[in-house]
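Undergrad: Need coordinates for the following:
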Amino acid sequence: MNGLRRAALLVLAVALNAAALVGCASEPARDPAAKDWPMVPSTHAARGAPATAAQATAEPVERVVAAEADTVDPADALVSLPVPPDYTPMADLANVFDRIRLGYGLPDVADRSVDQQARYFAGKPEFLDRTFERAERYLYYVVRELEARNMPLELAMLPVIESAYNPYAYSRARAAGIWQFIAPTATRYQVRVNWWQDGRRDIVDSTRAALDYLSVLHTMFDSDWFKAIAAYNCGEQAVVRAVERNRRARKPTDFFHLKLPRETRAYVPELLAMARIVANPGAYGLEFTTIANKPYFAQVEVGSQLNLRVAAALIGVTEDELHALNPAFNRWATDPDGPHHLLVPYATAPEFARTVASLSTDLRMPVEHYRIEDGDTIAKLARARDITIPTIRQLNGLLSTDFRVGDELLLPASTVAPLRAGLIIEGETPLPGRHRRSYVIRRGDTLASIARRNGVAVGDLERLNGLVPHARLEAGDRLLVETGTRHKRHRHRAMRPANAEDSAQPRKVSEVMPRRDTLHASARQAPRLQLDAEPNYRG
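TA: Sure, this is the predicted structure:
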């Protein structure tokens, strides 16, 4: 029966993949700044039809392998949970919010700024709806990671403040993901950012990096969580300098007495206010919909590069849902250099692992082998495929553009396009107020001379074109140059003001479709705190 099911799924995958590829090229472009950018699908829509009796009694992933031990399937070893199975008393709780409340570890400070923020955010129930519906996929995992490190569970609310739990949040300072990292911080904590993927959007990798960073800050500031959280917002050196100023002036050195940037002075109260609302929503006229205290996803090793449309068809979920679980991917294929795993809905993992283990190579990977012809150049091939020269070098391990007629190059197939219209991709998508043009390298040019001529920083030129410092340039090659209004590189939080209207009526926090907005963006509208008129996004 399993063999017949896998065969049927393979036929379905081929059919759906062919249909999807036909429609891909005609998809209209979308303004990434549009307010109605529905990048994260509703988890309610993702659930689909009610489960059948057989599905409702399906065994958890960690029990499937044991239950089938008599008929060992090698594919079972490909399924894992990003966190270990939970055998603690906490597992008996039905609602992950109850688990969070029991794990609070920060003091509830009696400060006017916290009171103001709590009242303000409680008046934005539509925003809370959208945020926690997005968080439904990720919150259990974040909580379990915090518990494993013995960190206070209030920190599970940081992505609410940072990005409204929107993994596609991207700031003018180029901060990305639910934890809002900029590229240098991502590099510092071994998060991959390349043509194929942006690991800052990866739920597992970015959470690991964010908690690593917070742990380092907690140690640096002598176990003072408020200072560590403030440093996560504005940088450790800003907090160190503020502490030293107060020490020299013989003033208190706790967070609430430090002279820090305005955004940071509001940042810790925002977190404490959100923790206070989650602790007792009824006190603010709110009722939170339950988020299940169990894994939303499991991890499946897929072995090698895989077309994401094929994966979605095999799993039986929408492409939007698969991307919401794996938001790091920039293209309709996974990174050829790995890591070779996907997050999939928890109940689908065992069957998907068995199916993908038997998937033939020709269905996996939309990359073409191209034989070099007379007159070809790397620049010409890059223009024809609408990709960058560094991308071709990366795919083929080329340190230069040297090749001969008859050599074979690996090139992205025409179907390996940006994964969806409107997705902001590091190094490719120009930000509002900036524009890009192509620059033809002349003999004698250096990165420094090109940067000076175009009024840009050398580092920006390197980042935009995927170049290493002091990279060798070839006359005739093209570089992308981005010019326009420059923005200060603050660590900062994400994107547009929420359009939720104030409401004095208690309402249930439940089925409202997610919008591209953030808590801090909403807070900017509150005149009480006088936050910056221009948002300072984190990274």
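Undergrad: What pairs with whichever strand or helix holds Gln299, parallel or antiparallel?
TA: Assigned by DSSP states H and E, Gln299 belongs to strand 297-301. Sheet pairing of strand 297-301 (DSSP bridges) gives strand 79-80 (antiparallel), strand 341-345 (antiparallel).
Undergrad: Rounded mean pLDDT for the first one, please.
TA: This means strand 79-80. Averaged across strand 79-80, the pLDDT comes to 88.
Undergrad: cool, stretch 155-173 as well?
TA: What stretch 155-173 shows for mean pLDDT is 92.
Undergrad: start to end distance for it?
TA: Taking Cα to Cα, to the nearest Å, stretch 155-173 runs 23 Å from one end to the other.
Undergrad: do the same with stretch 326-339
TA: End residues of stretch 326-339 are separated by 12 Å (Cα to Cα).
Undergrad: Okay, buried residues for that stretch please.
TA: By neighbour count on 16 or more other Cβ atoms under 10 Å, the buried set for stretch 326-339 is 326-336, 339. In short, each C-beta sits where N, CA and C put it, glycine included.
Undergrad: Grab the two from those that are most spread out in space.
TA: The span of those, defined through Cβ to Cβ, is set by Pro327 and Pro336 at 19.0 Å.
Undergrad: Low-confidence bits of the stretch 201-350 of the chain, can you list those?
TA: Of all residues in the stretch 201-350 of the chain, none has pLDDT under 70.
Undergrad: if we can go back for a sec, turn the strands paired with strand 297-301 into CSV, including mean neighbour count and distance to Pro159.
TA: Formatted as CSV, the strands paired with strand 297-301 follow (neighbours: other Cβ atoms under 10 Å; distance: least, Cβ to Cβ, whole Å):
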stretch, mean neighbour count, distance to Pro159
strand 79-80, 19, 23
strand 341-345, 23, 16
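Undergrad: can you put the ones you listed in a markdown table and add distance to Glu373?
TA: A markdown table is the format used below for those (distance: least, Cβ to Cβ, whole Å):
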| stretch | distance to Glu373 |
| --- | --- |
| strand 79-80 | 45 |
| strand 341-345 | 36 |
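Undergrad: Nearest to Arg478, out of the ones you listed?
TA: strand 341-345 (34.5 Å).
Undergrad: returning to what we had before: can you say which of the strands paired with strand 297-301 is nearest to Leu258?
TA: Using Cβ to Cβ, the strands paired with strand 297-301 put strand 341-345 closest to Leu258, at 39.1 Å.
Undergrad: tell me what the helix or strand that that closest one is followed by is packed against?
TA: Per DSSP H and E, the first helix or strand lying C-terminal to strand 341-345 is helix 349-357. Judged by 3 or more Cβ pairs under 8 Å, 6 or more residues apart in numbering; DSSP states H and E, helix 349-357 is in contact with helix 2-24, helix 61-67, strand 79-80, strand 297-301, helix 308-315.
Undergrad: please redo it, this time with the cut-off set to 10 Å
TA: In terms of contacts (3 or more Cβ pairs under 10 Å, 6 or more residues apart in numbering; DSSP states H and E), helix 349-357 is packed against helix 2-24, helix 61-67, strand 79-80, strand 297-301, helix 308-315, strand 341-345.
Undergrad: so the fourth one versus helix 308-315, what angle?
TA: Using axes from the mean of the first three to the mean of the last three Cα atoms, to 10 degrees, one finds that strand 297-301 and helix 308-315 are set 120 degrees apart in direction.
Undergrad: Output strand 297-301 as PDB, nothing but the C-alphas.
TA: Extracted in PDB, the C-alpha atoms of strand 297-301 (Å, rounded to 0.1, in the frame of the first residue of the first chain):
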ATOM      1  CA  PHE A 297       6.700  20.900  12.400                       C
ATOM      2  CA  ALA A 298       9.300  18.100  12.100                       C
ATOM      3  CA  GLN A 299      12.600  18.100  10.100                       C
ATOM      4  CA  VAL A 300      13.100  15.800   7.200                       C
ATOM      5  CA  GLU A 301      16.500  15.100   5.600                       C
END
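Undergrad: Contact partners for the closest residue to Ala349 other than its chain neighbours?
TA: Nearest residue to Ala349 in three dimensions, chain neighbours excluded: Ala298, at 3.8 Å (Cβ to Cβ, 6 or more residues apart in numbering). The contact partners of Ala298, by Cβ atoms under 10 Å, 6 or more residues apart in numbering, come to 60-62, 79-82, 342-350, 352-353.
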